[in-house]
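Participant: I would like the atomic coordinates for the input below:
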Amino acid sequence: MNKLSVCWALGAALLLLATLANAQEEVPGYDHYGRGSCQDQRGKMYSYLQRIMTFPNAETCGKQECERFGNSPSYRGFEFSVTKRCTCLFDADEVPAVPNDEQDPKYVSTMDNGNGAVAGVSGTSGAYCYQFQRNSGAMAGRGLVYTTTLLASASAAAYFLL
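Facilitator: Predicted coordinates:
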């Protein structure tokens with residue numbers, strides 16, 4: 001087996017591994033940032049509103065639960081957890097008021113310091129971050145560019161090491 005064949009096989013294996021590692025559904029109207037909590041450009045988490053229930057998938061979370069806040073300029077996107085919880089994200093101190101009975105709360109919320117477009121993720125494995133495209137000013141598809149660049153670099157390095 002020559003160097004080129006080994007590099008091609010290694011590149012194909014790395015691509016498959018990266019695809020499986022980032023396997024989370026795409027949601028129309030959102031940029032999928034990957035595993036972890038969404039963070040702003042300063043590494044701050046966003047304030048959130050979370051309904052006390054589970055959702056079947058990320059698309060239902062984004063489209064049916066959180067996107068109803070899409071007309072608010074402070075709505076940044078959502079996180080969908082591995083436990084199927086849906087968390088709608090907002091700029092600091094901008095969480096909208098929702099009907100909530102103190103004796104039987106339907107929502108929980110937390111205030112945090114995140115502001116502006118999503119810039120990255122925390123990297124923790126409990127949730128997937130999705131940025132609302134309309135309020136982001138960012139282009140979709142950035143994850144594919146980084147993954148492809150990383151795989152090309154790894155394949156080139158393997159070629160020269162062999």
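Participant: what ranges does the protein have for its helices?
Facilitator: Ranges of helices in the chain, per DSSP state H, are 3-21, 58-60, 142-161.
Participant: identify the residues contacting the shortest one?
Facilitator: Yep, that's helix 58-60 we're talking about. Residues from elsewhere that reach helix 58-60, judged by Cβ atoms under 8 Å, 6 or more residues apart in numbering: 24-25, 27-28, 78, 80, 86, 128, 130. All C-beta spots, glycine's among them, are computed from the backbone N, C-alpha and C.
Participant: what subset of those is buried?
Facilitator: Buried by 16 or more other Cβ atoms under 10 Å: 24, 27, 78, 80, 86, 128, 130, out of the contacts of helix 58-60.
Participant: so who does the fourth one touch?
Facilitator: The neighbours of Phe80, taking Cβ under 8 Å, 6+ apart as the test, are 24, 55, 57-58, 61-62, 86-87, 127-128, 130.
Participant: quick check: Ala117 touching Asn135?
Facilitator: Yes: the pair Ala117 / Asn135 is scored as a contact, 7.4 Å apart, by Cβ atoms under 8 Å.
Participant: the more surrounded of these two?
Facilitator: Asn135 (20 against 16; other Cβ atoms under 10 Å).
Participant: of the contacts of helix 58-60, which belong to strands?
Facilitator: Members of the contacts of helix 58-60 lying in strands (criterion: DSSP state E): 78, 80, 86, 128, 130.
Participant: which one of the residues you listed is nearest Pro96?
Facilitator: Distances from Pro96 to the ones in strands among the contacts of helix 58-60, taken as Cβ to Cβ, are shortest for Phe78 (13.9 Å).
Participant: lowest-confidence stretch among the helices of the chain?
Facilitator: When these are compared by mean pLDDT, helix 142-161 comes last with a mean of 40.
Participant: residue contacts, the residue nearest to Ile52 when sequence neighbours are not counted?
Facilitator: Nearest non-adjacent residue to Ile52, counting by Cβ to Cβ, 6 or more residues apart in numbering: Lys106, 5.8 Å away. Residues near Lys106 by Cβ under 8 Å, 6+ apart: 51-52, 98-100.
Participant: for PyMOL, write the selection for the buried entries among those.
Facilitator: Entered in PyMOL, the line below selects the buried ones among the contacts of Lys106, by 16+ other Cβ under 10 Å:
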select buried, resi 51
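Participant: okay, the contacts of Lys106 in CSV with distance to Thr110 next?
Facilitator: CSV is the format used below for the contacts of Lys106 (distance: Cβ to Cβ, whole Å):
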residue, distance to Thr110
Arg51, 14
Ile52, 14
Val98, 14
Pro99, 18
Asn100, 14
